[in-house]
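> can you look at this prediction? I've put the sequence above it.
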Amino acid sequence: MTRLRNITDSTTVDEHQMYVAPANGPDCTTSFANQFTITSPKVFAVQYWIGSAQASWGLGQNSTITGENNVFTRVMISKLK
């Protein structure tokens, strides 16, 4: 499960559950989109829960392309008028 957690208020903003069979390897994605209002400063965290992880690649494989960064999480926050 992956969730966006409001740490300040101890609430979950959004979550996504998935299942990937070990035979499928490390290729899996999860995504969610949500719109919500923040009226004061807050601390948020993207949190992952897994039943088990592969010893060789854990939650995802590294890029094998020289000079490329490994990206495992992307977050986009927009202020709407």
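Cool, got the structure. All figures in this text were calculated on a predicted structure; none of them were measured in a lab.

> M1 - how many residues pack around it?
Per other CB atoms under 10 Å, the neighbour tally for M1 reads 13. Any C-beta I mention is one placed from the backbone N, CA and C, and that applies to glycine too.

> does it touch H16 like I think?
Yes: counting by CB atoms under 8 Å, M1 touches H16, with 7.0 Å between them.

> who touches both of those two?
Common neighbours of M1 and H16 are not found (criterion: CB atoms under 8 Å, 6 or more residues apart in numbering).

> now the residue lying closest to V13 once chain neighbours are set aside: how far from A45?
Nearest residue to V13 in three dimensions, chain neighbours excluded: L4, at 4.4 Å (CB to CB, 6 or more residues apart in numbering). Computed with CB to CB, to the nearest Å, the distance linking L4 and A45 is 8 Å.

> let me see the contact set for N62.
N70.

> ok, A45 next?
Counting by CB under 8 Å, 6+ apart, A45 has contacts L4, R5, I7.

> next, format these as JSON lines and append pLDDT and distance to I38.
What follows is these, written out as JSON lines (pLDDT from 0 to 100; distance: CB to CB, whole Å):
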{"residue": "L4", "pLDDT": "92", "distance to I38": "12"}
{"residue": "R5", "pLDDT": "94", "distance to I38": "14"}
{"residue": "I7", "pLDDT": "97", "distance to I38": "13"}
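
> where does this protein dip in pLDDT?
19-28, 52-61, 63 (pLDDT under 70).

> would you map the strands across it?
With DSSP state E as the criterion, the chain has strands at 2-6, 11-16, 44-48.

> show me what the second one is packed up against.
Counting by 3 or more CB pairs under 8 Å, 6 or more residues apart in numbering; DSSP states H and E, the packing neighbours recorded for strand 11-16 are strand 2-6.

> if we go to 10 Å?
Applying 3 or more CB pairs under 10 Å, 6 or more residues apart in numbering; DSSP states H and E, we find strand 11-16 packed against strand 2-6, strand 44-48.
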